[in-house]
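Novice: Take this sequence and fold it.
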Amino acid sequence: MSIGLSGSGETSLARQMARSVLAVRLPDFDAEVIAKAKICLLDFLSCAFEASDHPWSRQAIATAYAANNGSTIIGTGLLANPGDAAFANAVMGHGLVREDMHAASISHHGVVIWPTLLALSEQTALSGAALLAAAIIGYETGARIGRALMTSDLARLHRPTGLVAPLGAALGASYARGLTEGAATSAMAIAANTSSGLNEWPQSGGSEMYFHPGFAAANAVRAVQLAAAGAIASETIIEGEAGLFAAYGRKPAPDRIELFPGGEAELMAVYNKPAPACNFAQTASQAALRVTYQLAGSDEIEAIAIRAPQAAVRYPGCDSKGPYRNALQAKMSIPFSVVSTLVRGEIEEDNYIQLDDPEIARLLALTDLQTDPGFTAAFPARQGAEVIVHLRQGKTIRQRLADVIPASPAQIRTRFRDAAGRSIGQDRAKRLEHLVDACDSLPNARVIAAHCRQPSEQTVRSAL
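Specialist: Below is the predicted model:
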């Protein structure tokens with residue numbers, strides 16, 4: 001597949017992108033891209049189901065306004081207005097810190113795109129094929145803008161997901177709603193005006209990180225609704241003298257941001273996290289797990305060296321060695337993730353429960369995190385890490401991974417079945433998985449969202 005940009009050099013970047021995708025259809029994409037979109041949807045749903053009872057999830061749900069003909073809040077029997085449902089679902093999808101990741105834009109696009117599209121799918125007739133195509137467009141748009149905009153300096157201050165994912169979700173949802181080129185351009189521009197998310201939380205121990213995708217998804221819903229109602233926004237919102245790049249990047253925007261160049265989809269550069277922790281802690285934790293295969297016990301350890309890309313070392317909270325006020329700070333910390341893996345011999349949610357474990361505290365004091373030039377040069381195409389453990393007997397154990405090992409489709413399905421089964425029951429979870437797998441043939445995609453709640457069987461049947 002190849003999607004080119006039409007129009008002159010005087011056409012704004014937002015309009016160029018809108019024009020280039022509004023005629024796209026799902027069969028234009030390769031089978032592997034479509035399959036990846038389905039897996040990412042299952043992964044998002046599994047995270048939302050599993051995190052539905054976390055404090056931040058309950059807080060987000062508590063703010064929703066009920067609506068009889070509203071949109072589903074996942075894992076509940078509640079219907080809310082679309083923006084509130086998108087907000088709550090995005091917060092739940094982000095609640096484990098295990099959402100999908102696009103390294104080049106340092107962003108989690110799925111946790112904004114899927115809540116936006118699922119909420120809107122219950123408000124307008126939308127085929128499953130259109131839902132998947134809209135999601136692929138959303139990932140592509142946010143990721144391409146993020147590639148051009150994000151730097152490690154910018155990411156230290158502003159949350160990348162909050163800056164670029166709203167634009168992708170807005171364009172994807174505009175496609176799904178069948179908006180005109182002009183309206184889709186305005187939807188992107190309105191969404192860009194809502195870009196937000198500050199990175200003070202890793203230092204302070206705040207929980208606002210969980211709400212960043214919620215704001216982004218709710219704002220994307222509202223942006224599309226406003227554009228559909230006739231609102232007109234600044235076409236030059238990306239490249240203008242007070243646009244996205246000038247405001248946040250402090251640099252000119254590129255002359256063009258091409259979507260799907262050479263038929264390549266950015267969705268294929270998205271990976272699904274194996275561990276419920278920061279993106280930058282993933283590879284180092286995997287290397288640490290390999291160290292444990294050669295380690296009799298953590299009491300042998302005399303010193304630990306961790307090597308990672310510069311972007312990882314510099315991201316807020318990733319170099320923290322404590323003290324930790326909450327699990328989120330520990331999940332952001334590369335040293336904590338490595339040390340807890342060495343102590344426990346596994347990478348699981350339980351690694352982040354005992355923040356004051358004496359053995360973890362001892363090893364954190366012996367840990368050194370440094371930038372590796374080779375990993376830095378390879379990033380973001382590859383995200384390598386190395387863990388070197390020095391033992392008291394003079395022995396050294398070294399494990400080096402050139403890139404993160406993503407969760408496999410089989411692992412994602414297992415996680416989904418466990419989490420969804422506990423939330424909505426095994427039978428309904430099995431049916432939901434089947435609907436996602438058959439999404440491209442569904443005449444009405446709202447049935448997917450309907451199966452994410454806990455209604456009566458009659459309500460589910462009415463959505464079919």
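Novice: what sits against the residue most central in space within the chain?
Specialist: With distances taken as CA atoms, centre = their mean, residue 108 lies nearest the centre of the chain, 2.4 Å away. Neighbour list for residue 108: 94, 99-102, 161, 165, 213 [criterion: CB atoms under 8 Å, 6 or more residues apart in numbering]. Yep, even glycine has a C-beta here, placed from its N, CA and C like the rest.
Novice: now do 10 Å
Specialist: By CB atoms under 10 Å, 6 or more residues apart in numbering, the residues touching residue 108 are 44, 90, 93-94, 97-102, 142, 159-162, 165, 212-213, 216, 270, 273, 279.
Novice: Tell me where the stretch 351-464 of the chain has helices.
Specialist: Per DSSP state H, counting those that start in this stretch, the stretch 351-464 of the chain carries helices over the ranges 358-365, 373-378, 409-424, 426-437, 446-450, 457-463.
Novice: Dump those to TSV, plus distance to residue 295 and mean pLDDT.
Specialist: Below are the helices of the stretch 351-464 of the chain laid out as TSV (distance: least, CB to CB, whole Å; pLDDT from 0 to 100):
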stretch	distance to residue 295	mean pLDDT
helix 358-365	12	97
helix 373-378	23	98
helix 409-424	24	98
helix 426-437	37	97
helix 446-450	44	97
helix 457-463	50	41
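Novice: Could you export those as CSV, including mean neighbour count and distance to residue 126?
Specialist: Below are the helices of the stretch 351-464 of the chain laid out as CSV (neighbours: other CB atoms under 10 Å; distance: least, CB to CB, whole Å):
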stretch, mean neighbour count, distance to residue 126
helix 358-365, 17, 48
helix 373-378, 16, 40
helix 409-424, 18, 22
helix 426-437, 17, 14
helix 446-450, 24, 7
helix 457-463, 12, 13
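Novice: Kindly reformat these as a markdown table containing distance to residue 193.
Specialist: Formatted as a markdown table, the helices of the stretch 351-464 of the chain follow (distance: least, CB to CB, whole Å):
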| stretch | distance to residue 193 |
| --- | --- |
| helix 358-365 | 42 |
| helix 373-378 | 34 |
| helix 409-424 | 34 |
| helix 426-437 | 33 |
| helix 446-450 | 27 |
| helix 457-463 | 34 |
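Novice: right, and those helices - which one's nearest residue 397?
Specialist: For the helices of the stretch 351-464 of the chain, proximity to residue 397 was assessed by CB to CB; helix 358-365 is nearest, at 13.7 Å.
Novice: which other helices and strands contact that closest one?
Specialist: On a contact count with 3 or more CB pairs under 10 Å, 6 or more residues apart in numbering; DSSP states H and E, helix 358-365 meets strand 301-308, helix 334-344.
Novice: Can I get it in PDB, CA atoms only?
Specialist: Taking Å, rounded to 0.1, in the frame of the first residue of the first chain, the C-alpha atoms of helix 358-365 are listed here in PDB:
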ATOM      1  CA  PRO A 358      15.500  -4.400  52.600                       C
ATOM      2  CA  GLU A 359      17.200  -6.500  50.000                       C
ATOM      3  CA  ILE A 360      16.000  -4.300  47.200                       C
ATOM      4  CA  ALA A 361      17.100  -1.300  49.100                       C
ATOM      5  CA  ARG A 362      20.600  -2.800  49.600                       C
ATOM      6  CA  LEU A 363      21.000  -3.500  45.900                       C
ATOM      7  CA  LEU A 364      19.700  -0.200  44.800                       C
ATOM      8  CA  ALA A 365      22.500   1.500  46.700                       C
END
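Novice: now that helix and helix 334-344, what's the angle there?
Specialist: 140 degrees (axes from the mean of the first three to the mean of the last three CA atoms, to 10 degrees).
Novice: between helix 358-365 and strand 301-308, how big is the angle?
Specialist: Relative orientation of helix 358-365 and strand 301-308, computed by the same axes, to 10 degrees: 60 degrees.
Novice: roughly how far out does helix 358-365 sit from the chain middle?
Specialist: Relative to its parent chain, helix 358-365 has a centroid offset of 31 Å by CA atoms, centre = their mean, to the nearest Å.
Novice: could you pull out the strands for the stretch 51-200 of the chain?
Specialist: 66-72, 79-80, 101-102 (DSSP state E, counting those that start in this stretch).
Novice: With the stretch 251-400 of the chain instead?
Specialist: 270-271, 301-308, 367-371, 385-391, 396-401.
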